[in-house]
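**Q** I'll drop the sequence and a predicted model, then ask my questions.
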Amino acid sequence: MRLLDGKTVLVTGAGAGIGAGVARVCHREGANVAISDIDSAAADRLAEALGGRTVAVGCDVRRIDQLRAFVQRAVETFGRIDGLVNNAGINSIKPSLDLAEAEWDNVLSINLRSAFLLTQLACRQMLAQERPGGSIVNIASVHTAGALPASVAYDAAKWGMIGMTKSLAIELADRNLRFNAVSPGLVATQIWEDVKNAAPSHAECEAYFGRNIPIGRPIDPEEVADLVAFLLSDRSRAIVGSNLFIDGGMSSQLLSRPPFEFRQV
């Protein structure tokens with residue numbers, strides 16, 4: 001039996017990157033998958049590629065009416081909701097003293113506010129249906145173990161995601177609703193391509209990160225998705241309120257790896 005046979009899972013920001021990987025793995029594991037993305041064409045392409053047991057919805061997660069429409073479409077199509085993956089988010093790199101109010105608000109609205117509002121909508125449905133309950137997985141970041149300069153809005157949102165996860169987990173555990181967070185490190189998505197393009201050379205950039213990620217490479221989106229699918233499944237039923245790192249060892253490394261080998265003394 002597959003991990004998610006008979007379950008319906010909603011995934012935001014699923015047109016590309018981690019979200020698309022989550023949608024693919026959940027579908028592979030037997031779930032009905034409702035895909036949302038602000039790029040409706042990208043959501044449609046993924047749904048078409050996956051085939052049956054999918055529905056795609058264009059959704060700007062900043063808009064509560066569109067979040068409601070996403071939940072409604074999923075329920076109309078599949079009859080219930082068993083899992084939610086709050087993945088939609090944007091990166092933000094700008095010196096803190098230059099960050100405009102509107103930029104702060106936009107990052108927090110997409111990366112945190114939307115996750116809470118969609119969680120409210122989905123959980124109300126989960127509790128109202130026959131066999132009430134479900135699993136919610138929030139995609140956070142290795143930034144919840146440490147920070148980078150000029151990432152204040154992004155870091156605030158991701159730390160907020162952890163606080164929200166833990167608070168909801170203890171509040172609603174006795175109603176058969178589980179909440180957990182997953183914190184990826186560097187993942188091979190478009191952001192990784194942007195980082196390489198901004199470096200003096202791709203080779204130099206890849207060598208630097210290869211030295212400073214203990215496993216020597218970025219994480220594949222579907223590796224993140226395998227963990228998410230497990231947390232959505234009944235096999236993880238005793239995991240509640242956790243923040244699980246999938247970062248190739250980044251958060252366990254005290255300092256950047258030195259460009260030399262230590263000798264025995």
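**A** Received, thanks.

**Q** can you list the domain ranges for the chain.
**A** Following the assignment in automatic domain parsing, the chain carries domains at 8-184+220-246, 186-218.

**Q** quick one: closest of those domains to R257.
**A** Of all the domains of the chain, domain 186-218 sits nearest to R257, with 4.8 Å by CB to CB. Glycine gets a C-beta too; all of them are placed from N, C-alpha and C.

**Q** ends of that closest one, what's the gap?
**A** End-to-end distance of domain 186-218: 5 Å, with CA to CA, to the nearest Å as the criterion.

**Q** can you list the buried residues in it?
**A** The neighbour-count check on domain 186-218 (16 or more other CB atoms under 10 Å) flags L186, V187, A188, T189, W192, V195, C205, E206, F209, N212, I213, P218 as buried.

**Q** same check, this time on stretch 93-109
**A** Residues K94, W104, V107, L108, S109 are the ones in stretch 93-109 that count as buried (16+ other CB under 10 Å).

**Q** right, and the helix or strand after the helix ranked longest in the chain?
**A** When secondary structure is assigned using DSSP state H, the longest helix within the chain turns out to be helix 152-172. Toward the C-terminal end, the helix or strand that comes next after helix 152-172 (DSSP states H and E) is strand 177-184.

**Q** need the contact list for the closest residue to L168 other than its chain neighbours.
**A** With sequence-adjacent residues excluded and distances taken as CB to CB, 6 or more residues apart in numbering, L168 is closest to F179, at 4.7 Å. F179 makes contact with S135, I136, V137, N138, T165, K166, L168, A169, L172, V240, G241, according to CB atoms under 8 Å, 6 or more residues apart in numbering.

**Q** helices and strands of this structure: which one bottoms out on pLDDT?
**A** One helix or strand of the chain scores below all others by mean pLDDT, DSSP states H and E: helix 190-198, with a mean of 86.

**Q** burial count for the closest residue to S233 other than its chain neighbours?
**A** Distance criterion CB to CB, 6+ apart; nearest residue to S233, sequence neighbours excluded, is L3 at 4.2 Å. Burial of L3 is recorded as 19 neighbouring residues (other CB atoms under 10 Å).

**Q** please tell me how far L3 sits from D82.
**A** For L3, the distance to D82 (CB to CB, to the nearest Å) stands at 12 Å.

**Q** and for those two, which residues touch both?
**A** With the criterion set as CB under 8 Å, 6+ apart, the overlap between the contacts of L3 and D82 is L232.

**Q** give me the buried positions along the helix or strand hosting A122.
**A** Take DSSP H and E as the rule and A122 turns out to sit in helix 114-128. Residues of helix 114-128 classed as buried under the neighbour-count rule (16+ other CB under 10 Å) are S114, A115, L117, L118, T119, L121, A122, C123, Q125, M126.

**Q** now distance to R28 and pLDDT too, for those residues, in TSV please.
**A** What follows is these, written out as TSV (distance: CB to CB, whole Å; pLDDT from 0 to 100):
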residue	distance to R28	pLDDT
S114	26	98
A115	24	98
L117	29	98
L118	24	99
T119	25	99
L121	26	98
A122	22	98
C123	26	98
Q125	24	98
M126	23	98
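
**Q** ok, W104 - contacts?
**A** A153.

**Q** just say helix, strand or coil for it.
**A** helix (DSSP: H, G, I helix; E, B strand; the rest coil).

**Q** likewise the one 5 residues further on?
**A** Classification of S109 into helix, strand or coil gives helix, according to three-state DSSP.

**Q** any idea how far I64 is from it?
**A** S109 sits 11 Å away from I64, taking CB to CB as the criterion.
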